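Trainee: Take a look and give me a structure for this.
(chains A and B)
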Number of protein chains: 2
Amino acid sequence: MKIALDAMGGDHAPAAAVHGAVWAARDFGLTVQLIGRPEAIEAELAKHATAGLDLPIIPASEIIEMHEHPATAVKNKKDSSMVVAMQLLKAGGSDAFVTAGNSGGALAAALFGLGRIKGIKRPALSTIFPNDSQHGYCFLLDVGANTDVRPEYLVQFALMGYHYANQVLNIPNPRVGLLSTGEEEDKGSMLVQETAPLLKESQLNFIGNVEGKDIPAGLTDVVVTDGFTGNVYIKGAEGVASMIQKMLRREIEKRPLAMVGAVLARGAFRALRTRLDYREFGGGPLLGVNGIVIVAHGRSDAYAIRNAIRVAKQAAEKNIVGVIERGLNESTHGQETGSANE
Amino acid sequence: MKIALDAMGGDHAPAAAVHGAVWAARDFGLTVQLIGRPEAIEAELAKHATAGLDLPIIPASEIIEMHEHPATAVKNKKDSSMVVAMQLLKAGGSDAFVTAGNSGGALAAALFGLGRIKGIKRPALSTIFPNDSQHGYCFLLDVGANTDVRPEYLVQFALMGYHYANQVLNIPNPRVGLLSTGEEEDKGSMLVQETAPLLKESQLNFIGNVEGKDIPAGLTDVVVTDGFTGNVYIKGAEGVASMIQKMLRREIEKRPLAMVGAVLARGAFRALRTRLDYREFGGGPLLGVNGIVIVAHGRSDAYAIRNAIRVAKQAAEKNIVGVIERGLNESTHGQETGSANE
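Mentor: Below is the predicted model:
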């Protein structure tokens, strides 16, 4: 299996990307294709023991920066790591692509280079969100690809999320919840009120509307929402977790006894941090495009990149694109049969 | 000053409501009018020392329950505590009203009984949100009154939030941020992209778009958003804080040394809990209706009710309805002058 990695993407590229690639190649026995500026990549590779590992460099001279306008950047930078990666993926030269770069850029490059899965109206960005369930996480989409959506897009997000959670995250018959302001059917925006009946009719395991507090509580396995709400939600959660950590540290530092206590409780704090650590989850797939693209956090360090490559491998092994295609055909077929019977 | 209290509203009514009323009457030297079923209220009053306190009972035989459809309940239950309270407020028999009951019911009862402030298109529910700033909190609206909004509503929410934060929360020239998916002007939903230029033109201290993570980080004093996003956001934050607390407790309980540590760090944990405790903030005003209505959390205990009554007192002292009226006139006047000059 060959995973293409954007060696130039992310706040700590190329160092973190190359280090993560070496780590993943060793741990998972994969070929990791390093896409970017050869001199920069070679300089990083020289810092690691790479004997016996397959880490080919695929040259790309340009970089889509974090602040750039995605569509314009993709159009103008034909030799950027993202655009080159999509060509490679499309040509079958890679099984999946991982990037910690500009997520809007990844979306634009994927739409331009790979196109959508036939029948999918809009691709969605997704993320793994830690929760207090048996699995320890749920799957949330869209988190930013589409700020304005229609009910039929949300139904497709639900279908893609269901299959991803089932096949790649190994959650049997995942529960699908629609994010709203209350469980009752008459609550929520017009969008939610139009979408819920469509999800009810679907063959997905739709458990109804869920509230913001139900997600960390672990009441659903897949959370479906528009990219505006999803983006605000996950950044809010990240901000709250970070605020709590800072405030607690400050309160502890004010109290000498509490500082001793914190040393004794170090193991518990560490275990909590691991459970909430985005790096453990690696990255979320960009679902609905015609290829496997994993978007990692811009802040990703080597460990996060290593894990994002693991996610890409799992998605490729399960052929998630084929699974979504099949799921979509079945649901469309079901609807057509339904209509014919009416 | 007379504050009317919904003695029948909230998960722990009437016990928590009556206890909170006694507490507030004593601490703030107020008259607290207890609205609800006289026998139930009297039974609770008998549990407290009320000598010298002014706690009149105003009879109302019905209750708007938590699960009821707000508009229908308000229409059918003319003798409910909420409907009776709004009549009292409108007639000038009270300076403000506090309820921990069905927030949609409070909104419907207020619209029906008080109406809107002249010129205000939609009222908004608000909340105080803890953050890592000097003040320790910011002001967020709308958190659920309007799930679907227009740019001009958001501009009015910003105006109401600005004046509330300034006058009642004592934040000088509060920074106003519009919740979005990125700081850049080309990010966010169509709604946000249409609203930002209007806020820029306003005389409010608009600092631009803010992300979900910027709110707990304390980068803004007033957060403006639609009631769908705001509701999902605050419930998400509450859920994440509660998840972290539970997970940490579980990790500590697994480790005997950590349990000793937690005892030593008890003061720090307690200080953190106080900073994040919604009960300290009491409740958020329902802004834009023609009277002072404070909506407290449904879970409110006596301490939260006491503090919600304090908030009502502060809002009445500052005449927040008059302040909003004046702010609205000034902004409209400014706009008219602007148009005349064009």
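Trainee: list the contacts for A:Asp226?
Mentor: A:142, A:146-149, A:154, A:191 (Cβ atoms under 8 Å, 6 or more residues apart in numbering or on different chains). C-beta here means a position set from N, CA and C on the backbone, and glycine is covered the same way.
Trainee: same check, this time on A:Ala24
Mentor: Per Cβ under 8 Å, 6+ apart, neighbours of A:Ala24: A:3, A:30, A:32, A:305-306, A:309-310.
Trainee: ok, back up a step: out of the contacts of A:Asp226, which touch chain B?
Mentor: Filtering the contacts of A:Asp226 for proximity to chain B by Cβ under 8 Å from any Cβ of the partner chain leaves A:147-148.
Trainee: Mind putting the contacts of A:Asp226 into CSV with pLDDT, neighbour count and distance to B:Lys318?
Mentor: Shown next, in CSV, are the contacts of A:Asp226 (pLDDT from 0 to 100; neighbours: other Cβ atoms under 10 Å in any protein chain shown; distance: Cβ to Cβ, whole Å):
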residue, pLDDT, neighbour count, distance to B:Lys318
A:Asp142, 97, 29, 42
A:Asn146, 96, 23, 42
A:Thr147, 96, 23, 37
A:Asp148, 97, 15, 38
A:Val149, 97, 23, 41
A:Leu154, 98, 27, 43
A:Leu191, 98, 22, 37
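Trainee: Per-residue pLDDT of A:Gly282, please?
Mentor: pLDDT, A:Gly282: 88.
Trainee: so it makes contact with A:Ile294?
Mentor: Yes: A:Gly282 lies in contact with A:Ile294 (Cβ atoms under 8 Å); the separation is 7.1 Å.
Trainee: overlap in contacts of these two?
Mentor: In contact with both A:Gly282 and A:Ile294: A:308-309, A:311, using Cβ under 8 Å, 6+ apart.
Trainee: From those, pick the one nearest chain B.
Mentor: Nearest to chain B out of the shared contacts of A:Gly282 and A:Ile294 is A:Ala308 (Cβ to the nearest Cβ; 20.7 Å).
Trainee: What's the separation between the closest one and A:Leu111?
Mentor: 20 Å (Cβ to Cβ, to the nearest Å).
Trainee: out of the two, which sits in the busier spot?
Mentor: A:Ala308 (30 against 21; other Cβ atoms under 10 Å in any protein chain shown).
Trainee: So what touches the helix or strand containing the more buried one?
Mentor: Per DSSP states H and E, A:Ala308 falls inside helix A:302-317. With Cβ under 8 Å, 6+ apart as the test, helix A:302-317 has contacts from A:1, A:3, A:5, A:10, A:15-17, A:19-21, A:23-24, A:27-28, A:30, A:32, A:95-98, A:100, A:164, A:168, A:278-283, A:285, A:292, A:294, A:296-297, A:300.
Trainee: From those, keep the buried residues only.
Mentor: By neighbour count, with 16 or more other Cβ atoms under 10 Å in any protein chain shown, the contacts of helix A:302-317 hold A:3, A:5, A:10, A:15-17, A:19-21, A:23-24, A:28, A:30, A:32, A:95-98, A:100, A:164, A:168, A:278-283, A:285, A:292, A:294, A:296-297, A:300 as buried.
Trainee: which non-adjacent residue is nearest A:Ile207?
Mentor: A:Arg175 (4.6 Å; Cβ to Cβ, 6 or more residues apart in numbering or on different chains).
Trainee: what about the one you found, neighbour count?
Mentor: A:Arg175, neighbours per other Cβ under 10 Å, totals 21.
Trainee: Return the residues in contact with it.
Mentor: A:205, A:207, A:219-222.
Trainee: One more: A:Arg249?
Mentor: Applying Cβ under 8 Å, 6+ apart, no residues contact A:Arg249.
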